[in-house]
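Student: Give the three-dimensional model of this entry:
(2 chains)
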2 protein chains.
Amino acid sequence: VPKLFHQELEHLQHSVLRLAGHVEDAVLSATAALRDRDPDVAAEVIAGDTAIDELENEIQEECLKILARHQPVAVDLRRVTAVLLITTDLERIGDLAVGIAERVESVSRPPHFPIPAQLDRMTERSLAMVRASLDAFVQLDPGAAAGVIRADSEVDRDNDEIIRSLIVEMKRGPDVIDPALSLFSAVRHLERIADHATNIAEDVIYLISGDMVRHHIERLKGT
Amino acid sequence: VPKLFHQELEHLQHSVLRLAGHVEDAVLSATAALRDRDPDVAAEVIAGDTAIDELENEIQEECLKILARHQPVAVDLRRVTAVLLITTDLERIGDLAVGIAERVESVSRPPHFPIPAQLDRMTERSLAMVRASLDAFVQLDPGAAAGVIRADSEVDRDNDEIIRSLIVEMKRGPDVIDPALSLFSAVRHLERIADHATNIAEDVIYLISGDMVRHHIERLKGT
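Tutor: Numbering: from 1, shown residues only, chains lettered A, B, ... in the order given. Okay, the predicted model is just below:
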């Protein structure tokens, strides 16, 4: 039975990585749609969310089946529990991609102001955090997870720079306020994607150490 | 053993309601601090988050112990799993209260613009959703959970009204843009609190029905 359990756990892990792949694509497309003011790409992201939701449901049912069938304890129990929590975070990142895509229409309304150049870098950094948090989970590497948590401050810095340049645009003329506020919201969504990567990393640390370092780390990084 | 299991489950439920009480207080204080531009109350909310984090950790450890010790199946397994997910949502509502409190300082900087009157109503509605979602969990009542999901559109309407009145203020003079943007962010945090109540309600429905109605409902309500 332990062999079957580990096969099922491996399958579970593959499913999580597959879900992460879909979610990553959604985020990339959503921010590209924003940058290019492209409503067609935005519509694709919105339509694609159903597949992400279904995969989340499948994975969570798989977790429940494994718990009921194999009744794992100790680190195995923590690993399955971590999948439950990580899957929830990934699904919410998918929702955030939809939220970004939904703002493309209002950002595209005139007057057109320049989309801050830091948007692509912030997207890349946020997704690198998501990928690294999942690597840390697969490798059971709390050091790598701690690195993800530290990287969040760089995304926050990108976020601050973008907000500052949006404020400059908004002060230039009241007509820019509405579309710039929509971009402001979209950028905040991106910042929350990085927060979910941090949550995943915290789950990994918690899972591996088995004790309560999560919030201790939160306090160390001063949020 | 079933009797002991149900005692422990009851204890777990009490702990969740205790956590919810702390979180509710934090949200009420944070929005009061915003409305009254009161940095002292805001500082209390920020300091109080540690207790919320610790309680979350305790509850999640309690869940893992119950899973390892009693190896529940079927609805009992789903109930413990729901506690894991609900606790995560409650802790993040606590983080959102901190996010609101952190914006009190910049909202308090001159020039002072009127804080939209709908803020109190939106706070009350969001917290009513959180309370109702937990009642639905305790009573295992999917109908009540569906009511929470429907109520989210009222919070969205409050949110839209507040944003519109903030845009009017921002167009009145560029000096208002910075503090009004901070209030804009705080209000978005409040809207996300209602989203977490929706997530809890979805977990209740999922837990009770045992099949995948969550995202089906999401599509029905058209988000």
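Student: Which positions in chain A make contact with chain B?
Tutor: Counting by CB under 8 Å from any CB of the partner chain, the positions of chain A adjacent to chain B are A:50, A:53-54, A:56-57, A:61, A:63-64, A:67-68, A:71, A:73-74, A:77-78, A:81, A:84-85, A:88, A:163, A:167, A:170-171, A:174, A:177-178, A:181, A:184-185, A:188, A:206, A:212, A:214-215, A:218-219. In this view, the C-beta of every residue, glycine as well, is placed from N, C-alpha and C.
Student: 7 Å instead, please
Tutor: Residues of chain A lying near chain B by CB under 7 Å from any CB of the partner chain: A:53, A:57, A:64, A:67-68, A:71, A:73, A:77-78, A:81, A:84-85, A:88, A:167, A:170-171, A:174, A:177-178, A:181, A:185, A:188, A:212, A:214-215.
Student: For the residues you listed, which PyMOL command selects only the ones that are buried?
Tutor: The PyMOL selection below is limited to those of the residues of chain A next to chain B classed as buried (16 or more other CB atoms under 10 Å in any protein chain shown):
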select buried, chain A and resi 53+57+64+67+71+77+78+81+84+85+88+167+170+171+177+178+181+185+188+212+214+215
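Student: right, and the helix or strand after the helix or strand A:Leu55 falls within?
Tutor: Assigned by DSSP states H and E, A:Leu55 falls within helix A:39-70. Later in the chain than helix A:39-70, the nearest helix or strand by DSSP H and E is helix A:74-102.
Student: Report the distance from that next one to the chain centre.
Tutor: Remark: helix A:74-102 is offset 8 Å from the chain centroid, using CA atoms, centre = their mean, to the nearest Å.
Student: which strands and helices sit next to it?
Tutor: On a contact count with 3 or more CB pairs under 7 Å, 6 or more residues apart in numbering or on different chains; DSSP states H and E, helix A:74-102 meets helix A:2-35, helix A:39-70, helix A:118-139, helix A:177-209, helix B:39-70, helix B:74-102.
Student: For A:His112, pull up the helix or strand it's in.
Tutor: Counting by DSSP H and E, A:His112 is part of no helix or strand.
Student: Counting neighbours, what do you get for it?
Tutor: A:His112 has 11 neighbours, counted by other CB atoms under 10 Å in any protein chain shown.
Student: can you tell me the helix or strand for the residue nearest to it when sequence neighbours are not counted?
Tutor: Computed as CB to CB, 6 or more residues apart in numbering or on different chains, the closest residue to A:His112 that is not its neighbour in sequence is A:Arg37, at 7.4 Å. Under DSSP H and E, no helix or strand contains A:Arg37.
Student: For A:Arg37, grab phi and psi.
Tutor: phi 50, psi 60 (degrees, to the nearest 10).
Student: what's next to stretch A:201-209, contact-wise?
Tutor: With contact meaning CB atoms under 7 Å, 6 or more residues apart in numbering or on different chains, stretch A:201-209 is reached by A:78-79, A:82, A:85-86, A:133, A:136-137, A:140, A:142, A:145-146, A:148-149, A:213-214, A:217.
Student: ok, 6 Å please
Tutor: A:78, A:82, A:85-86, A:133, A:136-137, A:140, A:142, A:145, A:148-149, A:213-214 (CB atoms under 6 Å, 6 or more residues apart in numbering or on different chains).
Student: Show the buried residues in the residues you listed.
Tutor: The neighbour count (16+ other CB under 10 Å) marks A:78, A:82, A:85-86, A:133, A:136-137, A:142, A:145, A:148-149, A:213-214 as buried among the contacts of stretch A:201-209.
Student: Specify which member of those is nearest to B:Asp158.
Tutor: Distance to B:Asp158 across these (CB to CB) is lowest for A:Leu85, with 30.4 Å.
Student: could you list every residue that touches the closest one?
Tutor: Contacts of A:Leu85 by CB under 6 Å, 6+ apart are A:Asp203.
Student: Just the pLDDT for it.
Tutor: For A:Leu85, the model assigns a pLDDT of 95.
Student: my read: A:Ala20 touches A:Leu134, true?
Tutor: Yes - A:Ala20 is in contact with A:Leu134 according to CB atoms under 6 Å; the separation is 5.4 Å.
Student: Give me the nearest residue to A:Asp120, chain neighbours excluded.
Tutor: Per CB to CB, 6+ apart, closest to A:Asp120 is A:Arg35, 6.8 Å.
Student: Now for the one you found, how many residues are close by?
Tutor: 17.
Student: So for it, what pLDDT did the model give?
Tutor: So A:Arg35 comes in at 97 (pLDDT).
Student: wait, it sits on A:Ile115?
Tutor: Yes - the pair A:Arg35 and A:Ile115 qualifies as a contact (CB under 6 Å) at a distance of 5.2 Å.
Student: which of the contacts of stretch A:201-209 lies closest to A:Leu4?
Tutor: Ranking the contacts of stretch A:201-209 by separation from A:Leu4, with CB to CB as the measure, puts A:Arg78 on top at 19.2 Å.
Student: show me what contacts the closest one?
Tutor: A:Arg78 neighbours (CB under 6 Å, 6+ apart): A:Leu207.
Student: residue contacts, the closest residue to A:Val27 other than its chain neighbours?
Tutor: Leaving aside its sequence neighbours, A:Val27 sits nearest to A:Ala97 (CB to CB, 6+ apart; 4.7 Å). Residues in contact with A:Ala97 (CB under 6 Å, 6+ apart) are A:26-27, A:30, A:45.
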